[in-house]
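Undergrad: Fold the following and give me the result.
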Amino acid sequence: MNRRLLSVTLALTALTALGATTSSCPNVGTLESGYVFLPGFVELHTPGAGPAASVKIEQILGASPDLNRISYIRTHLERSGAPPPRSILILVPGFLSGASIFLPLAEQLVQQFNGNLEVWVIDRRPNQLEDRRGINYVIAHNVTAQALNEGFQLYYPDVDAAPTGNFKGPEDFDVNQNGVLDPPFTLPDAFGVARPYVLLVQDDMRFAAHWGVDTYARDWKILVDQARAVVGPDGLVLFGGHSAGTGWAGTFAAYDFDPGPGVDAAYQKIDGLLLLEGGGPADTSANVRDTLAQYQAKIAALETPGGPDVFLQNLSFGPGISLPGPNQLGPVGGLAGLAGFFRGSEASVAQRTTIFGSGLFSLFFKAPATNRSVVGFFLDDDFQVLDAFKASVGFSDDGPNGFLGGVLVAQSNGGLRHWKEYDDPTLPSVFGIPPCDPAGATAANPTGVSCAIVDNGPPRGVEREVTDLTQIIRTQFFPDNAEEWYYLSGRPNLDFQYGRDSSSLGDESLLAVTQNANMNVPVLGIGGSNGLAFQPSSFASYLGSIATPAEWKQVAIIPGYAHLDVISAANNEAVPIITDWLNRVQQRKLLGSF
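TA: Here you go, the predicted structure:
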């Protein structure tokens with residue numbers, strides 16, 4: 001069985017056993033999310049179109065893999081004998097994100113439209129290169145404590161004999177917690193050979209020098225055409241993204257698929273553009289754009305062994321803020337999600353790895369935590385310092401919190417730190433905040449939702465707790481994973497230097513972002529007041545650069561929402577906004593006013 005299909009099947013089996021995979025409505029259908037593959041644009045430098053894959057890629061995917069594929073998560077209402085949906089919304093994830101990060105929003109939208117809307121979320125090409133054997137192994141072994149230990153050991157092996165306990169700070173992972181050096185844990189690869197984590201290096205992916213805007217846009221055109229075939233000419237095909245995904249979405253809308261004098265624009269194939277917590281593609285200065293010769297030379301360097309990085313090897317967010325690379329963070333996210341979902345009250349396994357027990361991450365985890373709460377401490381807007389990773393997921397009230405170097409640190413009274421649900425009506429008295437009533441507004445809680453324990457940083461309005469930690473934990477492993485382990489930096493960064501218009505490059509066969517000024521479909525931008533797109537002006541530059549009439553440029557800012565809340569909140573206030581917009585776009589189309 002294909003590795004990805006195996007992952008989805010195992011996840012579905014495990015979640016069904018706990019009653020967590022689907023929800024159903026009487027006489028309507030069953031809500032389902034599953035991974036789908038399509039043949040993608042045939043990029044000639046890519047394995048599957050002639051060049052051979054590296055040994056490591058074949059160890060992950062098998063002999064002679066075809067990497068010219070499109071993959072996406074389809075969320076829909078399975079209804080026997082029902083007609084096709086009238087609308088399909090295609091979404092692009094943001095920085096470091098995989099498709100499953102959209103699951104909470106996708107499910108709510110599909111339910112809202114009673115199956116007349118499907119949501120397809122793109123997983124960019126590098127997601128197929130992830131070595132997910134350890135995560136699949138844990139799922140296949142029912143997420144037992146031993147399987148979790150072994151899964152972590154595959155990705156983060158014990159390299160010395162330092163003793164471990166529930167939590168003792170920065171130290172190597174000891175699968176048995178006995179202070180004895182353990183041999184590396186191995187699993188069969190695609191050829192049945194037992195081996196540890198297959199970690200790709202830059203030279204394994206030199207073909208990704210050709211995975212830029214043109215390749216992605218042509219993949220996504222295939223997906224848009226597929227969606228149009230489903231909904232028909234009178235239905236809606238909407239395109240959008242979250243965070244950096246809004247840049248990808250707006251760039252796609254501006255793409256011209258005819259490399260000659262004619263125009264075959266992407267925006268002509270869609271009916272609307274949805275921008276979630278991101279202002280769309282950026283404008284750039286002409287003095288930062290390469291000439292055609294410089295551009296071609298940089299592509300040649302990217303595809304040369306030993307050349308510049310094609311994917312992000314590590315993450316740097318400024319002086320003193322450096323994190324491990326996505327191919328180290330991705331596995332811990334998937335395994336921490338499994339641990340938090342299935343063994344949430346037990347002592348955190350992730351804390352016993354060097355990835356969480358040392359470096360910048362150790363600032364978040366000064367206290368021993370449960371498997372569940374360690375995810376809360378990482379994501380919650382009161383503890384996470386990077387806006388791009390923030391959600392409002394609740395609080396921990398069984399220990400002190402304090403600031404250390406500008407970071408809100410959870411400390412311990414001696415026991416494990418636990419996490420409360422976002423809508424728990426009992427708030428910690430240590431902060432002197434009266435209980436909030438999630439059922440309705442009170443004098444202490446005028447917004448009618450749970451209130452926050454701390455406000456880390458300058459407030460931009462109300463502080464709220466709106467995202468269900470259980471649901472966002474689930475996105476870390478089901479039905480695929482919420483991170484992109486090999487996030488491309490080389491070719492996309494080269495292409496994005498041209499911003500909204502690549503005409504100056506002079507070669508549309510390489511890059512054809514030429515139709516932004518003509519883009520005239522309805523656009524909806526939604527931000528959170530505590531997020532990155534926290535005011536209407538966050539969308540103004542892009543909206544001012546397109547031809548869409550003013551009455552079809554809509555912006556909404558949701559009070560109290562952090563960056564991830566816009567796609568992860570329970571009872572998401574973005575849903576009625578999107579619903580109203582889609583209904584108006586559908587009405588406009590039926591009236592023939594496009």
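
Undergrad: Show the low-confidence segments of the stretch 251-400 of the chain, by residue range.
TA: For the stretch 251-400 of the chain, applying pLDDT under 70 flags the ranges 317-321, 357-360, 363-364.

Undergrad: rerun at 80
TA: 286, 316-323, 353-366, 397-398, 400 (pLDDT under 80).

Undergrad: What are the boundaries of the helices in it?
TA: Ranges of helices within the stretch 251-400 of the chain are 292-302, 326-342, 354-357, 371-379, based on DSSP state H, counting those that start in this stretch.

Undergrad: Which one, of those, ends up nearest to residue 103?
TA: helix 326-342 (11.8 Å; C-beta to C-beta). (Each C-beta comes from the backbone N, C-alpha and C, glycine too.)

Undergrad: helices and strands around that closest one, which ones?
TA: helix 133-140, helix 145-155, helix 354-357, helix 371-379, helix 469-474 (3 or more C-beta pairs under 8 Å, 6 or more residues apart in numbering; DSSP states H and E).

Undergrad: go with 10 Å
TA: Applying 3 or more C-beta pairs under 10 Å, 6 or more residues apart in numbering; DSSP states H and E, one finds that helix 326-342 makes contact with helix 3-17, helix 133-140, helix 145-155, strand 315-316, helix 354-357, helix 371-379, helix 469-474.

Undergrad: Mind giving me the packing neighbours of the helix or strand that comes right after the last one?
TA: Note on helix 469-474: by DSSP states H and E, the next helix or strand toward the C-terminus is helix 490-496. Packed against helix 490-496, as judged by 3+ C-beta pairs under 10 Å, 6+ apart, are the following elements: helix 213-231, helix 244-253, helix 292-302.

Undergrad: go again using 8 Å as the cut-off
TA: The contact analysis (3+ C-beta pairs under 8 Å, 6+ apart) places helix 490-496 against helix 213-231, helix 292-302.

Undergrad: coming back round to it: which one of the helices of the stretch 251-400 of the chain lies nearest to residue 132?
TA: Each of these was scored for nearness to residue 132 using C-beta to C-beta, and the closest is helix 326-342 (7.2 Å).

Undergrad: Just want the angle from that closest one to helix 145-155.
TA: Orientation check (axes from the mean of the first three to the mean of the last three C-alpha atoms, to 10 degrees): helix 326-342 against helix 145-155 gives 170 degrees.

Undergrad: Check which residues of helix 326-342 are buried.
TA: 326-342 (16 or more other C-beta atoms under 10 Å).

Undergrad: which residues in the stretch 451-594 of the chain form helices?
TA: Assigned by DSSP H, counting those that start in this stretch, the stretch 451-594 of the chain shows helices spanning 469-474, 490-496, 540-543, 565-568, 574-590.

Undergrad: sorry, back to before: nearest to residue 279, of the helices and strands packed on helix 490-496?
TA: Closest among the helices and strands packed on helix 490-496, using C-beta to C-beta: helix 213-231, at 17.9 Å.

Undergrad: residues touching the residue most central in space within the chain, list them.
TA: By C-alpha atoms, centre = their mean, the chain has its centre lying nearest to residue 97, at 2.6 Å. Contact partners of residue 97, counting by C-beta atoms under 8 Å, 6 or more residues apart in numbering, are 242, 243, 245, 482, 483, 484.

Undergrad: Pipe those residues into TSV and attach neighbour count, distance to residue 79 and pLDDT per row.
TA: Output for the contacts of residue 97, formatted as TSV (neighbours: other C-beta atoms under 10 Å; distance: C-beta to C-beta, whole Å; pLDDT from 0 to 100):
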residue	neighbour count	distance to residue 79	pLDDT
242	29	28	98
243	28	32	97
245	26	29	98
482	26	28	91
483	25	32	93
484	27	32	96
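
Undergrad: Endpoints of stretch 286-293, how far apart?
TA: 16 Å (C-alpha to C-alpha, to the nearest Å).

Undergrad: For that stretch, buried residues please.
TA: The neighbour-count check on stretch 286-293 (16+ other C-beta under 10 Å) flags residue 289 as buried.

Undergrad: repeat for stretch 82-92
TA: 85, 86, 87, 88, 89, 90, 91, 92.

Undergrad: helices or strands up against the helix or strand that contains the fourth one?
TA: Spelled out, it's residue 88. In the assignment (DSSP H and E), residue 88 maps to strand 87-92. Under the contact definition 3+ C-beta pairs under 8 Å, 6+ apart, strand 87-92 sits against strand 117-123, helix 213-231, strand 236-242, helix 244-253, strand 272-276, helix 574-590.

Undergrad: Go through these and name the closest to residue 492.
TA: That would be, of the helices and strands packed on strand 87-92 and by C-beta to C-beta, helix 213-231, which comes in at 6.7 Å.

Undergrad: what pLDDT, on average, does the closest one get?
TA: The average pLDDT within helix 213-231 is 98.

Undergrad: would you put the C-alpha positions of that helix in PDB?
TA: Taking C-alpha atoms only, helix 213-231 is exported to PDB below (Å, rounded to 0.1, in the frame of the first residue of the first chain):
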ATOM      1  CA  VAL A 213       5.800  29.300  -8.700                       C
ATOM      2  CA  ASP A 214       5.400  28.000 -12.200                       C
ATOM      3  CA  THR A 215       5.400  24.300 -11.200                       C
ATOM      4  CA  TYR A 216       3.100  24.900  -8.300                       C
ATOM      5  CA  ALA A 217       0.700  27.100 -10.300                       C
ATOM      6  CA  ARG A 218       0.500  24.500 -13.000                       C
ATOM      7  CA  ASP A 219      -0.200  21.800 -10.400                       C
ATOM      8  CA  TRP A 220      -3.000  23.900  -8.900                       C
ATOM      9  CA  LYS A 221      -4.500  24.700 -12.300                       C
ATOM     10  CA  ILE A 222      -5.000  20.900 -12.700                       C
ATOM     11  CA  LEU A 223      -6.700  20.900  -9.300                       C
ATOM     12  CA  VAL A 224      -8.900  23.900 -10.200                       C
ATOM     13  CA  ASP A 225      -9.900  22.200 -13.500                       C
ATOM     14  CA  GLN A 226     -10.800  19.100 -11.500                       C
ATOM     15  CA  ALA A 227     -12.900  21.100  -9.200                       C
ATOM     16  CA  ARG A 228     -14.600  22.800 -12.100                       C
ATOM     17  CA  ALA A 229     -15.500  19.500 -13.600                       C
ATOM     18  CA  VAL A 230     -17.200  18.500 -10.300                       C
ATOM     19  CA  VAL A 231     -19.300  21.700  -9.700                       C
END
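
Undergrad: Next, the angle strand 236-242 makes with that helix.
TA: Per the same axes, to 10 degrees, the angle that helix 213-231 makes with strand 236-242 is 140 degrees.

Undergrad: If you count neighbours, what's buried in helix 213-231?
TA: Under the neighbour-count criterion of 16+ other C-beta under 10 Å, helix 213-231 has 213-221, 223-224, 226-228, 231 buried.

Undergrad: Residue 552 contacts residue 543, correct?
TA: No. Counting by C-beta atoms under 8 Å, residue 552 stays clear of residue 543, with 10.1 Å between them.

Undergrad: what's the offset of the following helix or strand past the strand holding residue 88 from the middle of its chain?
TA: Moving toward the C-terminus from strand 87-92, the next helix or strand (DSSP H and E) is helix 103-112. Chain-centre distance of helix 103-112: 16 Å, with C-alpha atoms, centre = their mean, to the nearest Å.

Undergrad: Equivalent analysis for stretch 383-401, please.
TA: Taking mean C-alpha positions (C-alpha atoms, centre = their mean), stretch 383-401 and its chain are 19 Å apart.

Undergrad: out of the helices of the stretch 251-400 of the chain, which comes closest to residue 535?
TA: When the helices of the stretch 251-400 of the chain are compared by C-beta to C-beta, helix 371-379 sits nearest residue 535, at 23.3 Å.

Undergrad: what angle separates the closest one from helix 145-155?
TA: Using the same axes, to 10 degrees: helix 371-379 against helix 145-155 is 40 degrees.

Undergrad: what residues does helix 371-379 touch?
TA: Contacts of helix 371-379 (C-beta under 8 Å, 6+ apart): 336-337, 339-340, 343-351, 356, 361, 364-365, 369, 383-384, 389-391, 393-394, 396, 410, 416-419, 469, 472-473, 476, 564.
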